[in-house]
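Peer 1: Dropping the sequence and predicted coords here.
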Protein chains: 4
Amino acid sequence: MYNFSCDYLEGCHPAVLKALTETNLEQNPGYGMDPHCAHAADMIRATFKCPEADVHFLVGGTQVNATLIASALRPFEGVLCAATGHINVHETGAVEATGHKVLPIKGKDGRISGTQVSVEVALQGDNEHTVKPGMVYISQSTELGTVYDRAALVDLYHTCQDLGLYLYIDGARLGVGLQAETCDLMPADLAKLCDAFTIGGTKNGALFGEALVILNPELKKDFRYMMKRQGCMLAKGRLLGVQFEALMEKDLYFTMAKKVVDQAMRVRDALLKRGLPLLIDSPTNQLFPILTDDQLEKMDEHFIYETWERVDEKSTAVRLCVSWATPDEAVDQLIELIGKL
Amino acid sequence: MYNFSCDYLEGCHPAVLKALTETNLEQNPGYGMDPHCAHAADMIRATFKCPEADVHFLVGGTQVNATLIASALRPFEGVLCAATGHINVHETGAVEATGHKVLPIKGKDGRISGTQVSVEVALQGDNEHTVKPGMVYISQSTELGTVYDRAALVDLYHTCQDLGLYLYIDGARLGVGLQAETCDLMPADLAKLCDAFTIGGTKNGALFGEALVILNPELKKDFRYMMKRQGCMLAKGRLLGVQFEALMEKDLYFTMAKKVVDQAMRVRDALLKRGLPLLIDSPTNQLFPILTDDQLEKMDEHFIYETWERVDEKSTAVRLCVSWATPDEAVDQLIELIGKL
Amino acid sequence: MYNFSCDYLEGCHPAVLKALTETNLEQNPGYGMDPHCAHAADMIRATFKCPEADVHFLVGGTQVNATLIASALRPFEGVLCAATGHINVHETGAVEATGHKVLPIKGKDGRISGTQVSVEVALQGDNEHTVKPGMVYISQSTELGTVYDRAALVDLYHTCQDLGLYLYIDGARLGVGLQAETCDLMPADLAKLCDAFTIGGTKNGALFGEALVILNPELKKDFRYMMKRQGCMLAKGRLLGVQFEALMEKDLYFTMAKKVVDQAMRVRDALLKRGLPLLIDSPTNQLFPILTDDQLEKMDEHFIYETWERVDEKSTAVRLCVSWATPDEAVDQLIELIGKL
Amino acid sequence: MYNFSCDYLEGCHPAVLKALTETNLEQNPGYGMDPHCAHAADMIRATFKCPEADVHFLVGGTQVNATLIASALRPFEGVLCAATGHINVHETGAVEATGHKVLPIKGKDGRISGTQVSVEVALQGDNEHTVKPGMVYISQSTELGTVYDRAALVDLYHTCQDLGLYLYIDGARLGVGLQAETCDLMPADLAKLCDAFTIGGTKNGALFGEALVILNPELKKDFRYMMKRQGCMLAKGRLLGVQFEALMEKDLYFTMAKKVVDQAMRVRDALLKRGLPLLIDSPTNQLFPILTDDQLEKMDEHFIYETWERVDEKSTAVRLCVSWATPDEAVDQLIELIGKL
């Protein structure tokens, strides 16, 4: 029974596994000081057209978020984000563990706007009795599958610059975020419209790994100290370098994501065609149809999915995720089933 | 030119790679809730004869140390360790980052005794103006390659119990620690003589990964919350489970370590036969010969090693590490060279 | 021009000053180990009928809140409070500085109910990816001047006990909170309906100082270590003991608060009589009338007050505070002015 | 029986009490925004000839140390100090509570030299696996009563500047430190030879309070946020301003300290005349004679003192402190007794 509940249920893309296998017995210096990391960083700088950027490789998303935030902010500063933001609701207080308050903004469908940021900053006031906003955190695509297009990101980044806030983009799902049809951002655009962003490997073809790209020179100094202090400097850092080399090779990262989005949109079309309502209309690989209890019963016979939230007495929103590893047949079968619901 | 500077320069043991490859396309729940983690935990409980233990899998040593310590101690409590202890000198303040003071004890050759712990606790005093010792941290083998034998560990554990301190053993190099000839501890002994210990994968056949074995029931509650908060709950936790399954299968972990120790002892014998002094006489895979500048020059032509410390005007102590991946021929060549130094 | 903006603009009650003066040249041990602290603690235990309680004296509210919360919670636990709670909005992230997330609940007029707590706990979910609620924080009176009566507190405390949460009451304004006409709680009731509470001195007659009363034995152990670690163990702790002796003597603390409430209610009656709307109808010493710009202009000629929030195009809610130090004449004049607004 | 165990057993100097009494019913804005704080800051800037300095008033020493250190350092940076430094041994890990490691240097008689700092920094190494030294902390006078003279302070400050470290001077006992005969530093010198220092009130005439003088512009920004976050912004901040006004008025702070040193030197002379050995030869108000058990027995009949450490089978070093509040007669009687020991 195929499991659509999440997009990191399988291991890694065959090209990544091949690279790991081929380099397995190489002797490489530890902690990211190896040639694979250096090469992967170069490839990323080239892809995102940011030749001056610092690139670091970390194992997971929670650790990269907390480490970058704690590195960028002074102790009394906080980080603004959508109330649904991963750092606010799904990281067990990892940001607070570093001493910083997360300042949630209501937002809409997982996104926040420049205006919303301005209002929140004004509400915080400008006095030492309240946390000082120091950064805005967004994710692309968001936790609800939505995306920021160029206009939205320009708006947000300009607001941040006006208010003296860093803008950090959590790209755990950056691949599908940039491949979404509603997203008109090229990789190089992204690198011009924020202070730092990550390129998520875990949910797009790697065994694990997030590449952190630091664009703002103020945030570069001594970041490796922060990584070590936060326990997120991988001993065999080469494992991250090798994987990202494979992912960046011939844009595998994006071609993979494009395929994922295409599959997801086939499912979305099927849902809409069948007349099923969507809790959020996501243009990426997470879909949130609302199904009745009867419909769910049928789903249960064939697929695994994630229960998202009870919508009313008879219906529940669920999450269906497509990943690079999802077989075409699984998608076909799902679409077939949807037609019959 | 073979590199003896460190024991984690290569990737993983072929058996581990094979297991990762074979399970790559399985769909598994994330965050360590998969059957491989469950199975690996069972294998560890069986090997160490601790059926009641909780077993968690984390990516790296610094994170497992900080997470366990922060989970076990109250905010004002500190952790005693040898001044050379990894948490004191090589983790960029990762323990202090969680708010806890490391209380170093001078020790000898990387080890500390029950008496030294008692003296230090007495010196701290029993009043609220000083940090309250709450735990003793040791490593097996130590950062200097030495080991605790049964008598030493019994002494330390009983002292800890008398003083109300937890005893935690960092087993980043547990394999060679237990396989050292001077160590008369069986795996099951270890599990009876401490409150928690780790089984290091990174330096003994895995790509990465440390298994944390929690024996004392007081330390078990809600540890997964701590892992998540500290950013060290791996999304595809199955990668850790799969690797430890392979390492525990037919005691590969220990047979690998035995081979490593044997190779290291061949090198040690060669050093002693040649009359070269040792900074520390280690029974495990890290050797610390003192070489003259002339001898180092010859070494430089054939091998890479780690400079440890300048001993006098003409000599330097170096570190030579053997690992599971070190080819027999490399060891042979090193021994041959030593004979000629 | 009398300043009604806040209730801690003056120094201390004459009885407190007298006690400080008379004891000034006594030699007393430091850090709260003096006979005055011991005596004041006894008086508090007698007044609140909690003979087993531990009583500690700290200088300020932010520090006592952060210290108690950090002492009570494990690192991954958070504290629930009203969104308007002092720890959430006016302490510059002092709780987060200790590594704990504040989990705001919308509440109503500064208060939260047992049901609201239950709903929030359910929303957090019971899994290690979210912060685990460990405590409920309320203030009595609240930041908006409202109070919990017996029924409300019983409801909240029972909910906390059912859910395994500590209930902590910030009593920075406990005096007026318990003296409010709408509050049917006696001091001894309070001590039976929470795990810890404070008795605020700063806003009720002392130069500074909050007495922390710990009722739940689980929270007592080693609290003095926490105080010292958090930098809030006053060297000359006797200053706190002496002040609370004076405040507890013949119930000065409560008679003072009663007078304050009476004065405030005179002002409230005048506001209502004059037909001025109230943003919140507070039964304690903070009043929140909504005044038009014209009315404010008249106020500005005679009194200082705190601007609270703009309500509409023409009106603003302001805060007027009465304190133990407010002269009767100032209240009379304020009432007279209100009649003319 | 007069108690010489410590220098903060009494309340405050009569001039301080008078000032507090006279200003008691003034209405002043809170949190240090009152005219007394502004005036006291001006007086301090004038006395120490540092017109550009920022001056903040905090209640206690542990909090000012932790707050300044946490404000100045990035998360992975540590603070070097003498092993006997207050932050290392008597603050229950308050610095570590903010996430920073204290890096102790052995030192001599409570002091450290530029050379010792350089050696320690070199030992730490310059790599991200160890804590990065960011600051040097010293105290004047030290915990052992010794002082830095001009040459020693110049040496240390230049070393700090060469190594990119801040130099912070804990002046909990700055009065006696600067009044010691062996100290050739004028107040204005001190302000030129460090990045920040404190002027201790608690041990020199105030009820409580430390003035923090920040000289280096890099350390000034947003310090009030740090104070609030660390729970050390006193609500009625005027109490600190008023006290420091009184202490700075006509140099009371220093004339008081001069008298204290003179009295202490009378005691020291008596000890030396009687031929009693000193554990440390302190030129300030803390004296450390070594007494035999017989001599202690006689002392016990007349005075209270602090036991410092057992020196040998028959003798113990004790601490005798003189303060501004010590009556001349108590000193006379002590000297008389010493003559008879």
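Peer 2: Perfect, thanks for sending it.
Peer 1: Residue numbers of the stretch 51-200 of chain A in contact with chain C?
Peer 2: A:75-76, A:78, A:89-93, A:96-102, A:128-132 (C-beta under 8 Å from any C-beta of the partner chain). In this view, the C-beta of every residue, glycine as well, is placed from N, C-alpha and C.
Peer 1: which one is whichever residue of the stretch 51-200 of chain A sits closest to chain B nearest to, not counting chain neighbours?
Peer 2: For the stretch 51-200 of chain A and chain B, the shortest gap (C-beta to the nearest C-beta) falls at A:Gln63, measuring 3.3 Å. Distances taken as C-beta to C-beta, 6 or more residues apart in numbering or on different chains place B:Gly231 nearest to A:Gln63, at 3.3 Å, with adjacent residues excluded.
Peer 1: Might you report the residue contacts of that neighbour?
Peer 2: A:Gly60, A:Thr62, A:Gln63, A:Asn65, A:Ala66, A:Thr67, A:Glu91, A:Ala94, A:Gln230, A:Gly231, A:Cys232, B:Gln63 (C-beta atoms under 8 Å, 6 or more residues apart in numbering or on different chains).
Peer 1: isn't the last one right next to A:Arg229, touching?
Peer 2: Read that as B:Gln63. No: B:Gln63 lies out of contact with A:Arg229 (C-beta atoms under 8 Å); the separation is 10.8 Å.
Peer 1: Overlap in contacts, the two.
Peer 2: B:Ala94.
Peer 1: Phi and psi next, for the nearest residue to A:Arg173 once chain neighbours are set aside.
Peer 2: With C-beta to C-beta, 6+ apart as the measure, A:Ser141 is the residue that lies nearest to A:Arg173, at 4.7 Å, once sequence neighbours are left out. Here is the backbone geometry of A:Ser141 (degrees, to the nearest 10): phi -60, psi 160.
Peer 1: any chance you could map the helices in the stretch 51-200 of chain A?
Peer 2: A:61-72, A:86-89, A:114-124, A:150-163, A:174-179, A:187-190 (DSSP state H, counting those that start in this stretch).
Peer 1: Packed most tightly, which of those would that be?
Peer 2: Most buried of those, by mean neighbour count (mean count of other C-beta atoms under 10 Å in any protein chain shown): helix A:174-179, with a mean of 28.
Peer 1: so what secondary structure elements neighbour it?
Peer 2: helix A:187-190, strand A:196-200, helix A:252-273 (3 or more C-beta pairs under 8 Å, 6 or more residues apart in numbering or on different chains; DSSP states H and E).
Peer 1: 6 Å instead?
Peer 2: Secondary-structure packing of helix A:174-179 (3 or more C-beta pairs under 6 Å, 6 or more residues apart in numbering or on different chains; DSSP states H and E): helix A:252-273.
Peer 1: Out of the contacts of B:Gly231, which comes closest to chain D?
Peer 2: A:Gln230 (8.5 Å).
Peer 1: check contacts around A:Thr202.
Peer 2: A:Thr202 makes contacts with A:Tyr8, A:Phe208, B:Ala235, as judged by C-beta atoms under 6 Å, 6 or more residues apart in numbering or on different chains.
Peer 1: ok, 8 Å please
Peer 2: A:Tyr8, A:Gly60, A:Gly61, A:Ala172, A:Phe208, A:Gly209, A:Glu210, B:Ala235, B:Lys236.
Peer 1: from what I can see the third one touches A:Asp170, true?
Peer 2: Read that as A:Gly61. Yes: A:Gly61 lies in contact with A:Asp170 (C-beta under 8 Å); the separation is 6.9 Å.
Peer 1: overlap in contacts of the two?
Peer 2: With C-beta under 8 Å, 6+ apart, A:Gly61 and A:Asp170 have common neighbours A:His86, A:Thr198.
Peer 1: and the stretch 201-341 of chain A, which residues reach chain D?
Peer 2: Going by C-beta under 8 Å from any C-beta, the residues of the stretch 201-341 of chain A near chain D are A:Asp222, A:Arg224, A:Tyr225, A:Met226, A:Met227, A:Lys228, A:Arg229, A:Met233.
Peer 1: how long is stretch A:160-171 end to end?
Peer 2: Taking C-alpha to C-alpha, to the nearest Å as the measure, stretch A:160-171 stretches 18 Å from start to finish.
Peer 1: could you show me where the strands are in chain A, in order?
Peer 2: Along chain A, counting by DSSP state E, strands occupy A:2-3, A:54-58, A:77-82, A:102-105, A:132-139, A:166-170, A:196-200, A:210-214, A:286-287, A:290-292, A:303-304, A:306-310, A:315-321.
Peer 1: so how far is stretch A:207-215 off the chain centroid?
Peer 2: 10 Å (C-alpha atoms, centre = their mean, to the nearest Å).
Peer 1: whoops, I mixed them up, stretch A:117-137
Peer 2: Counting by C-alpha atoms, centre = their mean, stretch A:117-137 comes out at 25 Å from the chain centroid.
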